[in-house]
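Asks: here you go, sequence then predicted model.
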Amino acid sequence: ITLPRTTGVSWDDEAHFVRSMHMSYFGTPKITQAELSLGNISLPPVYDEESIQVQAQKLEQMFSEGAVAETIPRPYRINTGITYLPAAIGLFIGRLLHLRYTLILVMGRISSLLFYTIIVYFSIKKTPVGKMIMTVYALLPTNIFLACNYSYDTWITALTMLWLAIFFKEWKCKERSMTTGKTIVMLSIFVLAYIHKVIYGVLGIIFLLMPKEKFVSPNKRNRFYGMIFLAIFVLALIGLLGFVASPASFSDVRGGTDVNAIEQIKFIIGHPISYAFILIKHLFSYFSLGFSQNYMMSMAYMGYVKCHLETIALLTAVIFTDRNETDIIIVDGKWKRIFVYLAVLAAVSLASTSVYISFTPVRSEVINGAQGRYLLPAILPAFIFLGTGKIKNVIERYKYNFIVTLGSAGILFSGIWECCISKYMVA
């Protein structure tokens, strides 16, 4: 998945590549014709050996000709640039090693995948709850495909797993008090996770479920709550300042000439009931099982993995069987579930509203541009709290873990064959 020598493979990867490349110079970038070509997909993906070689030679030639422009405007806001750091490090190392340009391009993708792998490993290792739910989630074909390409989604997904893992770890150890230092670490990861997509900051209310026994005094608990709302406020402030600084940039021209963010906001505020009906209708479709293939099985422009029903079956089975005593203590309870589901619903509603504002024609009765991958950061806590402790898993743990991992890996590798390798075989 990491080996294509061009862009136009994943969602908007040409734009994400340009941002990663700009970030990789850690200063003034030196832009060659190769970067400009990848940034506008003038060299679309090809799959036969002859075309691949011709395309690679063109890139190498353009890169060897040197910089065509010493400076270009920074293609990202300061708060969003950090999400491209994993890929940027790979690009930087590739240039440092004086690799061929096509290998430098691949190094960026490999670096992104390595970041995802490391964060996912420590998240699963650390969490006392839903280890196999996290495993299946992390190995979803869409998640792996995004991790292998230029995208900010990898950053968001990986750090979502990490802050949840730290949160559950602290929740489990009720005999160990919650210190200010631990709170700062946990909330810093949370803020970093959503610094690019601040709308997911509403998920921070999940921290309010931290047991009272974790605090030595009511003052300590109130301070913890205050730090939670401060973290959410910081994310909200970042989003607001970005909009105030450049409101026109929030109108995505790809949505058409009738897209106008400011007019759409006026419509929502002036007609809240009408918009509520539009949003509810959209959410019914967005959360449907049929739509789930868009955030589970999609490999963007490469196609869909065919094992959709098998993935739903595996995920459902794991959600209801990946339970131990710790899981039952933490995630069981009607009100806990309702609270988490409301947080997830709020996050998805905000994500949908954001594309209604930025990508959808004014007063439209449908919401355009709400891609399946936008659900990925929000659905993990829903998956973890969805199960029940009433189903007893009698399979030995190591055997159970092996079966689940093997099932996820089988689905993933079949998808890689269908959507990626087979294209080269046919060509």
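Replies: Great, that's in hand. Source: prediction; values computed, not measured.
Asks: got the contact list for the nearest residue to residue 105 once chain neighbours are set aside?
Replies: Once flanking residues are discounted, residue 105 sits nearest to residue 5: 6.1 Å by Cβ to Cβ, 6 or more residues apart in numbering. Placement of C-beta: from N, CA and C, glycine included. Counting by Cβ atoms under 8 Å, 6 or more residues apart in numbering, residue 5 makes contact with 52, 55-56, 59, 102, 105-106.
Asks: closest one to residue 21 out of these, please.
Replies: Residue 21 lies nearest to residue 105 out of the contacts of residue 5, by Cβ to Cβ, at 9.3 Å.
Asks: tally of neighbours for that closest one?
Replies: 28 (other Cβ atoms under 10 Å).
Asks: report pLDDT for it.
Replies: Listed pLDDT for residue 105 reads 94.
Asks: which SSE is it in?
Replies: helix 101-126 (DSSP states H and E).
Asks: also residue 384?
Replies: helix 376-386.
Asks: where are the low-confidence patches of the stretch 201-350 of the chain?
Replies: Counting by pLDDT under 70, the stretch 201-350 of the chain shows low-confidence ranges at 246-251, 253, 325-327, 329.
Asks: so residue 136 sits against residue 403, correct?
Replies: No. Using Cβ atoms under 8 Å, residue 136 is not in contact with residue 403; the gap is 11.4 Å.
Asks: okay, the two: which has more neighbours?
Replies: Per other Cβ under 10 Å, whichever of residue 136 and residue 403 has more neighbours is residue 136, with 23 against 15.
Asks: biggest helix in this protein by residues?
Replies: Counting residues, the longest helix found in the chain (DSSP state H) is helix 218-245.
Asks: in that helix, what counts as buried?
Replies: 220-221, 224, 227-228, 231-232, 235, 238-239, 242-243 (16 or more other Cβ atoms under 10 Å).
Asks: do stretch 180-191 as well
Replies: For stretch 180-191, using 16+ other Cβ under 10 Å, the buried residues are 182-183, 186-187, 189-191.
Asks: which residue packs closest to residue 321, ignoring adjacent ones?
Replies: residue 393 (4.6 Å).
Asks: I meant residue 86, not that one.
Replies: residue 115 (3.6 Å).
Asks: as a quick check, tell me the outermost residue of the chain.
Replies: residue 217 (36.6 Å; Cα atoms, centre = their mean).
Asks: and the angle for whichever strand or helix holds residue 156 with helix 101-126?
Replies: Taking DSSP H and E as the definition, one finds residue 156 inside helix 153-172. Here helix 153-172 runs at an angle of 10 degrees relative to helix 101-126 (axes from the mean of the first three to the mean of the last three Cα atoms, to 10 degrees).
Asks: going by contacts, tell me the helices and strands next to helix 153-172.
Replies: helix 85-96, helix 101-126, helix 131-138, helix 141-147, helix 180-193, helix 325-331, helix 376-386 (3 or more Cβ pairs under 8 Å, 6 or more residues apart in numbering; DSSP states H and E).
Asks: got those as CSV, with distance to residue 261 columns?
Replies: Converted to CSV, these look like this (distance: least, Cβ to Cβ, whole Å):
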stretch, distance to residue 261
helix 85-96, 28
helix 101-126, 30
helix 131-138, 32
helix 141-147, 26
helix 180-193, 24
helix 325-331, 38
helix 376-386, 22
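Asks: just those helices: most buried one?
Replies: helix 141-147 (a mean of 25; mean count of other Cβ atoms under 10 Å).
Asks: contacting residues around the most centrally placed residue in the chain?
Replies: The residue lying closest to the centre of the chain (Cα atoms, centre = their mean) is residue 153, at 3.1 Å. Residues in contact with residue 153 (Cβ under 8 Å, 6+ apart) are 146, 373, 376.
Asks: how about 10 Å then?
Replies: Residue 153 makes contact with 10-11, 16, 83, 116, 142-143, 145-147, 196-197, 371, 373-374, 376-377 under the criterion Cβ atoms under 10 Å, 6 or more residues apart in numbering.
Asks: with residue 166 instead?
Replies: Counted by Cβ under 10 Å, 6+ apart, residue 166 has contacts 122-123, 126-127, 182, 185-187, 189-190.
Asks: between those, which sits nearest residue 33?
Replies: residue 189 (39.1 Å).
Asks: on that earlier part again, what is in contact with residue 136 and residue 403 at once?
Replies: In contact with both residue 136 and residue 403: 314, 317-318, using Cβ under 10 Å, 6+ apart.
Asks: and those residues, which are buried?
Replies: For the shared contacts of residue 136 and residue 403, buried by 16+ other Cβ under 10 Å: 314, 317-318.
Asks: reformat these into a markdown table and put secondary structure and distance to residue 284 next to each item.
Replies: What follows is these, written out as a markdown table (DSSP: H, G, I helix; E, B strand; the rest coil; distance: Cβ to Cβ, whole Å):
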| residue | secondary structure | distance to residue 284 |
| --- | --- | --- |
| 314 | helix | 25 |
| 317 | helix | 25 |
| 318 | helix | 25 |
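Asks: which member of those residues is positioned nearest residue 161?
Replies: For those, the nearest to residue 161 is residue 318 (15.2 Å; Cβ to Cβ).
Asks: any idea how far that closest one is from residue 403?
Replies: 10 Å (Cβ to Cβ, to the nearest Å).
Asks: so what's in contact with the two at the same time?
Replies: Between them, residue 318 and residue 403 share the contacting residues residue 132, judged by Cβ under 10 Å, 6+ apart.
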